[in-house]
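Asks: Predicted model and sequence below, questions to follow.
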Amino acid sequence: MPINDTVEPAARNSEPVRGPAPAPVAQKQSTVKVVRAAIVGTVVEYYDFGIYGYMATIIASLFFVSENDTAALLGTFATFAVAFFLRVPGGIFFGHIGDKYGRKNALSWTILLMVVATAAMGLMPTYITLGVWATAILVLARCLQGFAAGGELGGANAFVSESAPAKWRAFQTSMVNSGTYLGSLVASLIALGLTSVFTHDQIISWAWRIPFLLSVVIGVVGVWIRNHMEDTPQFKELEDKGETAKVPVKELITSSGGALVKIIFLGALITGGYYIASVYAATYLQKAGGQSSTVAFLSTSLALILGVVTLPIAGYLADRHGRKPVLFVGSIAAVVLGVPMFMLMAGGSIWQAVLGQSVLFIAVSVVNGASYVTYVEMLKASVRYSGLALGNNITNMALGGTAPFIATWLIDITGNRLAPAGYFVFCALLTLGAVFFVKETKGIELRAD
């Protein structure tokens with residue numbers, strides 16, 4: 001006799017059996033909505049974070065006054081790097097909120113803080129008006145950006161991965177990471193439009209503020225979308241059972257320290273390599289390649305578009321063939337092609353600039369498409385947000401935020417315009433080495449404990 005979910009009463013007038021009402025069945029929210037909510041936040045975060053880097057040469061002249069252009073640019077990139085040091089405490093703070101009080105709560109606050117900081121940059125007076133205090137305010141706003149960014153990308157990946165089916169987990173997390181590229185792409189296109197529409201004097205005078213103030217418009221949409229989402233089923237289960245970690249970062253280090261170390265080293269290429277191939281490359285093409293700012297931003301925009309396309313393809317391949325093969329291919333390609341592509345970028349022609357930067361960025365994107373799903377699958381639910389945030393941000397602090405500064409400094413002390421290629425290859429080698437110590441996690445169920 002087949003089992004039926006409903007029971008017919010014995011007679012029409014029989015008394016119904018009384019008992020506790022069944023618990024309502026929670027409706028699983030659409031994965032499309034989950035991915036959309038995660039993507040829109042990462043777009044805002046990385047637009048806000050990236051626009052500073054793309055406007056580096058302008059910011060240098062407005063806030064870091066110096067007779068030496070290189071010194072002013074180093075000051076700008078130093079401030080760029082300072083924000084990354086705040087990403088670690090930001091990751092710990094928002095990781096604590098995300099693991100203890102919910103992924104949604106943490107992600108709503110990260111986007112709000114980022115928008116406030118970026119809008120403040122667009123409204124603040126410059127060095128000419130306020131002197132060194134203007135520089136100080138800029139640094140503080142940049143630090144707030146870094147603190148907010150510390151809780152974004154790891155949390156967004158935890159949010160999506162816990163709602164995704166196992167067979168599509170890499171693909172869906174790769175879509176989240178495409179939001180980082182889309183944010184950088186929008187920032188690059190805005191910077192390109194700015195240099196194309198306005199004269200240099202207009203940009204210096206007032207138009208430089210436009211990209212920063214646009215963040216408010218995008219951010220309001222992001223906050224609204226995230227506030228209308230529910231938390232993930234796996235976190236709700238932890239919360240219902242009272243199994244959320246009391247101090248997530250402490251539990252992370254004591255129970256998942258090995259996984260944390262692997263995440264730190266695996267992320268070398270998608271942090272250090274990313275900022276070299278995108279944010280710094282726009283400056284490199286102008287300084288070493290002799291390109292105009294318009295060409296540099298156009299090349300960066302094209303590279304980012306190719307990255308957006310590559311990410312979900314890499315995620316799909318990671319779901320089909322495994323995480324490790326994709327990580328191997330991408331990191332090996334970065335090691336082999338790093339120096340030749342920098343030689344192309346310094347070659348002087350537009351096609352060399354575009355080809356060199358695009359190839360570098362595609363290699364980074366291949367690795368990125370399989371990285372975060374690997375992180376997710378190494379961590380248990382009670383420390384997943386903290387592990388993703390802390391591991392990613394330690395790598396960002398050490399290799400990502402410092403990348404433009406170190407690349408500029410390497411050229412300055414060596415006089416060799418290919419010196420940044422060595423840094424890019426170094427990051428790729430760290431990732432390649434870490435892949436050997438990672439187990440294949442394709443198709444596994446996410447750990448609850």
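Replies: Happy to help now that I have it. Numbering: from 1, shown residues only.

Asks: tell me the contacts of residue 347?
Replies: Under the criterion of CB atoms under 8 Å, 6 or more residues apart in numbering, the contact partners of residue 347 comprise 289, 353, 356. All C-beta atoms are positioned from the backbone trio N, CA, C, and that covers glycine.

Asks: Which of the three states applies to residue 348?
Replies: At residue 348 the chain is in coil, as set by DSSP: H, G, I helix; E, B strand; the rest coil.

Asks: I'd assumed residue 189 was in contact with residue 214.
Replies: No. No contact is recorded between residue 214 and residue 189 when judged using CB atoms under 8 Å, the distance being 11.1 Å.

Asks: that older thread, with distance to residue 345, pLDDT and secondary structure as new columns, can the contacts of residue 347 be given to me in JSON lines?
Replies: Written out in JSON lines, the entries for the contacts of residue 347 read as follows (distance: CB to CB, whole Å; pLDDT from 0 to 100; DSSP: H, G, I helix; E, B strand; the rest coil):
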{"residue": "289", "distance to residue 345": "5", "pLDDT": "87", "secondary structure": "coil"}
{"residue": "353", "distance to residue 345": "6", "pLDDT": "92", "secondary structure": "helix"}
{"residue": "356", "distance to residue 345": "4", "pLDDT": "96", "secondary structure": "helix"}
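
Asks: nearest to residue 334, of those?
Replies: When those are compared for distance to residue 334 (CB to CB), residue 356 comes out closest, at 12.9 Å.

Asks: contacting residues for that closest one?
Replies: By CB under 8 Å, 6+ apart, the residues touching residue 356 are 341, 342, 343, 344, 345, 347.

Asks: out of these, which is most surrounded?
Replies: Neighbour counts for the contacts of residue 356 were taken using other CB atoms under 10 Å; the highest belongs to residue 345, which has 29 neighbours.

Asks: How about residue 184, nearest residue that isn't a chain neighbour?
Replies: residue 50 (4.2 Å; CB to CB, 6 or more residues apart in numbering).

Asks: distance of that neighbour from residue 395?
Replies: When distance is defined by CB to CB, to the nearest Å, residue 50 is 18 Å away from residue 395.

Asks: how about the strands of the stretch 101-250 of the chain, start to end?
Replies: In chain order, the stretch 101-250 of the chain shows no strands, with DSSP state E, counting those that start in this stretch as the criterion.

Asks: pLDDT score for residue 235?
Replies: Per-residue confidence for residue 235 comes out at a pLDDT of 91.

Asks: Who are the contact partners of it?
Replies: Residue 235 sits next to 102, 103, 162, 244, 381 when contact means CB under 8 Å, 6+ apart.

Asks: one step back: export the contacts of residue 347 to TSV and append columns for distance to residue 423.
Replies: Output for those, formatted as TSV (distance: CB to CB, whole Å):
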residue	distance to residue 423
289	17
353	19
356	15
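
Asks: closest to residue 320 among these?
Replies: Proximity of these to residue 320 (CB to CB) peaks at residue 356, which lies at 29.8 Å.

Asks: ok, for that closest one, nearest residue in space, not its chain neighbours?
Replies: The spatially closest residue to residue 356, leaving aside those adjacent along the chain, is residue 344, at 3.4 Å (CB to CB, 6+ apart).

Asks: Report the contact partners of that neighbour.
Replies: For residue 344, the set of contacting residues under the criterion of CB under 8 Å, 6+ apart consists of 352, 353, 355, 356.

Asks: for residue 89, same thing?
Replies: Shown in contact with residue 89 (CB under 8 Å, 6+ apart): 147, 150.

Asks: same thing with residue 353?
Replies: The neighbours of residue 353, taking CB under 8 Å, 6+ apart as the test, are 285, 289, 291, 295, 296, 299, 344, 345, 347.

Asks: ok, those residues vs residue 138, which is closest?
Replies: When these are compared for distance to residue 138, the smallest value, 22.7 Å, is given by residue 296; criterion: CB to CB.

Asks: Could you double-check that residue 245 lies in contact with residue 97?
Replies: No. Counting by CB under 8 Å, residue 245 does not reach residue 97; the two are 11.9 Å apart.

Asks: Show me the shaky parts of the stretch 301-449 of the chain.
Replies: Counting by pLDDT under 70, the stretch 301-449 of the chain shows low-confidence ranges at 449.

Asks: would you list every one of the helices in it?
Replies: According to DSSP state H, counting those that start in this stretch, the stretch 301-449 of the chain carries its helices in the segments 323-345, 350-378, 384-395, 403-414, 419-435.

Asks: do the stretch 1-150 of the chain as well
Replies: With helices called from DSSP H, counting those that start in this stretch, the stretch 1-150 of the chain shows them at 31-54, 56-63, 69-100, 103-123, 127-130, 132-149.

Asks: how far is stretch 151-171 from where the chain is centred?
Replies: If you compare the mean C-alpha spot of stretch 151-171 with that of the full chain, they lie 13 Å apart, counting by CA atoms, centre = their mean, to the nearest Å.

Asks: Would you mark the buried spots in that stretch?
Replies: Residues 151-164, 169-171 are the ones in stretch 151-171 that count as buried (16 or more other CB atoms under 10 Å).

Asks: Dump the C-alpha coordinates for it into PDB.
Replies: What follows is the C-alpha trace of stretch 151-171 in PDB, where atoms were taken according to Å, rounded to 0.1, in the frame of the first residue of the first chain:
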ATOM      1  CA  GLY A 151      32.800  41.400   5.400                       C
ATOM      2  CA  GLU A 152      31.400  41.400   1.900                       C
ATOM      3  CA  LEU A 153      32.800  38.900  -0.600                       C
ATOM      4  CA  GLY A 154      33.300  36.000   1.900                       C
ATOM      5  CA  GLY A 155      29.800  36.500   3.300                       C
ATOM      6  CA  ALA A 156      28.200  36.700  -0.100                       C
ATOM      7  CA  ASN A 157      29.800  33.400  -1.100                       C
ATOM      8  CA  ALA A 158      28.700  31.800   2.100                       C
ATOM      9  CA  PHE A 159      25.200  33.100   1.500                       C
ATOM     10  CA  VAL A 160      24.900  31.700  -2.000                       C
ATOM     11  CA  SER A 161      26.700  28.400  -1.400                       C
ATOM     12  CA  GLU A 162      24.400  27.500   1.400                       C
ATOM     13  CA  SER A 163      21.400  27.900  -0.900                       C
ATOM     14  CA  ALA A 164      22.900  26.400  -4.000                       C
ATOM     15  CA  PRO A 165      22.400  22.700  -5.100                       C
ATOM     16  CA  ALA A 166      25.700  20.800  -4.800                       C
ATOM     17  CA  LYS A 167      25.900  20.100  -8.600                       C
ATOM     18  CA  TRP A 168      25.800  23.800  -9.400                       C
ATOM     19  CA  ARG A 169      27.600  25.200  -6.400                       C
ATOM     20  CA  ALA A 170      30.800  26.300  -8.200                       C
ATOM     21  CA  PHE A 171      28.800  27.900 -11.000                       C
END
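
Asks: re earlier: which of the helices of the stretch 1-150 of the chain sits most buried?
Replies: Neighbour counts averaged per stretch over the helices of the stretch 1-150 of the chain are highest for helix 31-54, at a mean of 24; criterion: mean count of other CB atoms under 10 Å.

Asks: Thanks a lot, catch you later.
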